[in-house]
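1. structure, please.
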Amino acid sequence: MIEPVKVNKQHDLHMRSRKQLELTGVQNVESFDSEEFLLRTELGHLTIRGSHLHIKNLSLENGILSLEGNVHSLIYLDPGTQGKNKGLLGKLFK
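-> Residues are numbered from 1 along each chain as shown. Predicted coordinates for the structure are as follows:
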């Protein structure tokens with residue numbers, strides 16, 4: 001009998017002085033603006049809120065995202081959970 005291969009999901013986040021973020025395990029950038037990023041990661045959705053946020057580097061092929069700006073909060077949503085506010089589209093369709 002063939003057993004299914006377990007895939008270890010990886011997602012790392014490194015923050016420096018609340019000004020720079022480097023993330024791995026990023027699957028998609030769902031939405032973004034200068035105050036909020038909504039990302040889909042290997043371990044669920046992640047909302048990053050702050051001010052003057054912008055993308056420094058993005059490689060979805062490698063699952064890497066680097067951001068700069070003033071980070072105020074990081075909020076993870078469990079897989080399968082619908083958030084109250086899902087970025088720009090969530091704001092438009094309340």
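2. next, the buried residues of stretch 35-45.
-> 36-42, 45 (16 or more other CB atoms under 10 Å). C-betas here are computed from N, CA, C, even on glycine.
3. and the residues you listed, which is closest to His72?
-> Checking the buried residues of stretch 35-45 against His72 with CB to CB, the nearest one is Glu36 at 9.7 Å.
4. hmm, back to that, may I see the buried residues of stretch 35-45 organised as JSON lines, with secondary structure, pLDDT and distance to Leu58 added?
-> As requested, the buried residues of stretch 35-45 are exported to JSON lines (DSSP: H, G, I helix; E, B strand; the rest coil; pLDDT from 0 to 100; distance: CB to CB, whole Å):
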{"residue": "Glu36", "secondary structure": "strand", "pLDDT": "96", "distance to Leu58": "16"}
{"residue": "Phe37", "secondary structure": "strand", "pLDDT": "96", "distance to Leu58": "11"}
{"residue": "Leu38", "secondary structure": "strand", "pLDDT": "96", "distance to Leu58": "14"}
{"residue": "Leu39", "secondary structure": "strand", "pLDDT": "95", "distance to Leu58": "10"}
{"residue": "Arg40", "secondary structure": "strand", "pLDDT": "94", "distance to Leu58": "13"}
{"residue": "Thr41", "secondary structure": "strand", "pLDDT": "93", "distance to Leu58": "13"}
{"residue": "Glu42", "secondary structure": "coil", "pLDDT": "92", "distance to Leu58": "16"}
{"residue": "His45", "secondary structure": "strand", "pLDDT": "94", "distance to Leu58": "17"}
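5. possible to save those residues as a markdown table with distance to Asn57?
-> Conversion of the buried residues of stretch 35-45 to a markdown table gives the following (distance: CB to CB, whole Å):
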| residue | distance to Asn57 |
| --- | --- |
| Glu36 | 19 |
| Phe37 | 14 |
| Leu38 | 18 |
| Leu39 | 14 |
| Arg40 | 18 |
| Thr41 | 16 |
| Glu42 | 18 |
| His45 | 21 |
